[in-house]
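**Student:** quick one: sequence plus predicted model below, questions after.
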Number of protein chains: 2
Amino acid sequence: MANYEQLRLRNQLCFPLYVCSKEVVRKYKPLLDELDLTYTQYITMMAMWEHRQLSAKELGTILYLDSGTLTPVLKTLEKKGFVERQRSKEDERSLIISLTPEGNELQDKAAHIPAAMGKCIDMDLEDLQTLHRLLHKFMDTSIK
Amino acid sequence: MANYEQLRLRNQLCFPLYVCSKEVVRKYKPLLDELDLTYTQYITMMAMWEHRQLSAKELGTILYLDSGTLTPVLKTLEKKGFVERQRSKEDERSLIISLTPEGNELQDKAAHIPAAMGKCIDMDLEDLQTLHRLLHKFMDTSIK
DNA sequence: TTAAATTTAATTGTGTACAATTTATCTGAT
DNA sequence: ATCAGATAAATTGTACACAATTAAATTTAA
């Protein structure tokens, strides 16, 4: 008789990852609605606040997103006035994304979000730090 | 001068969660292609293998998915012959999902997947167990 | 008992994700 | 100098994911 214990949802690592990720993104929604940003647009803006200017290629590397996802996200952010898209002069293949003044101002409006999210998470600091460390370890050792 | 340290991607908990989740799902793809299942269809089948019969409502609770996502997934799985959809006799609002013989046989073909995925993850067992425990704790304390 | 509230799926609309392909540009080896 | 290969975005197609709404069935309460 076969033992399918390993096929139970509760024994998977992938399933709680998948659920936690989705539910955290869902918790961001009311906060991000105030900024007129989706979660994907928000992490894109976080990368832009940090780097001011990036090629679409570099953004994709930072965010782990391909052009199929990023192209429409960047067009939307441009339409909202938060970034500018322009071809590189040195290499016409490359698309340079720059933060606009409006995009820069948005950072002030977003400044309270990390603390607001923190209040939703009812775990002690040590567990959160361990979780953070292990997720980064997982990313570094198991991805690509 | 404002300090936006908390707005950096690397300091977020959400971002590594989001990346790890996506990348794990991507790693499943070649294994699931052999079964003609997507990741969402796979976790749905895992729930069905475990419970044999569930209402759509119960499935949604187990998988953290709403009817907007589940309805098309279940129709696809029915088209593939792995589950049956029928209205409950006692409560016509309720949709009963049952495993078909073909769906049951699929479990044999899936039995090797957890071990195959395990080989992709280059972390020691203790870290994986800690990660698993903390993700469940996160789910239990911080979701809904 | 019947009207209001609740519950369950389905539908609609928007926005990702990603594989695969296409198009344009650039680089390097001959 | 040129063309074969590489690179960067965009496009196409499929499949979620979820909020909001709708529709039907059931339950509750006046």
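**Tutor:** That came through, no problem.

**Student:** which helices and strands does the helix ranked longest in chain A pack with?
**Tutor:** The longest helix of chain A (DSSP state H) is helix A:14-33. Judged by 3 or more CB pairs under 8 Å, 6 or more residues apart in numbering or on different chains; DSSP states H and E, helix A:14-33 is in contact with helix A:39-51, helix A:113-120, helix B:14-33, helix B:39-51, helix B:125-142. For the C-beta atoms, the positions are set from N, CA and C on the backbone; glycine is no exception.

**Student:** need the ones you listed in JSON lines with distance to B:Glu102, mean pLDDT and mean neighbour count, can you?
**Tutor:** Formatted as JSON lines, those follow (distance: least, CB to CB, whole Å; pLDDT from 0 to 100; neighbours: other CB atoms under 10 Å in any protein chain shown):
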{"stretch": "helix A:39-51", "distance to B:Glu102": "37", "mean pLDDT": "98", "mean neighbour count": "20"}
{"stretch": "helix A:113-120", "distance to B:Glu102": "42", "mean pLDDT": "92", "mean neighbour count": "14"}
{"stretch": "helix B:14-33", "distance to B:Glu102": "16", "mean pLDDT": "96", "mean neighbour count": "19"}
{"stretch": "helix B:39-51", "distance to B:Glu102": "11", "mean pLDDT": "98", "mean neighbour count": "20"}
{"stretch": "helix B:125-142", "distance to B:Glu102": "31", "mean pLDDT": "93", "mean neighbour count": "16"}
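
**Student:** what's in contact with the longest helix of chain A?
**Tutor:** Helix A:14-33 is contacted from outside by A:9, A:38-39, A:41-42, A:113, A:116-117, A:120, B:13-14, B:17-18, B:20-22, B:24-25, B:28, B:39, B:43, B:46, B:64, B:117, B:132, B:135-136, B:138-139, B:142-144, using CB atoms under 8 Å, 6 or more residues apart in numbering or on different chains.

**Student:** still on that earlier bit, now distance to DNA strand D too, for the helices and strands packed on helix A:14-33, in CSV please.
**Tutor:** Output for the helices and strands packed on helix A:14-33, formatted as CSV (distance: least, CB to the nearest atom of the strand, whole Å):
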stretch, distance to DNA strand D
helix A:39-51, 10
helix A:113-120, 14
helix B:14-33, 7
helix B:39-51, 3
helix B:125-142, 13
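
**Student:** can you redo these as JSON lines with distance to B:Gly103?
**Tutor:** Shown next, in JSON lines, are those (distance: least, CB to CB, whole Å):
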{"stretch": "helix A:39-51", "distance to B:Gly103": "34"}
{"stretch": "helix A:113-120", "distance to B:Gly103": "37"}
{"stretch": "helix B:14-33", "distance to B:Gly103": "15"}
{"stretch": "helix B:39-51", "distance to B:Gly103": "6"}
{"stretch": "helix B:125-142", "distance to B:Gly103": "27"}
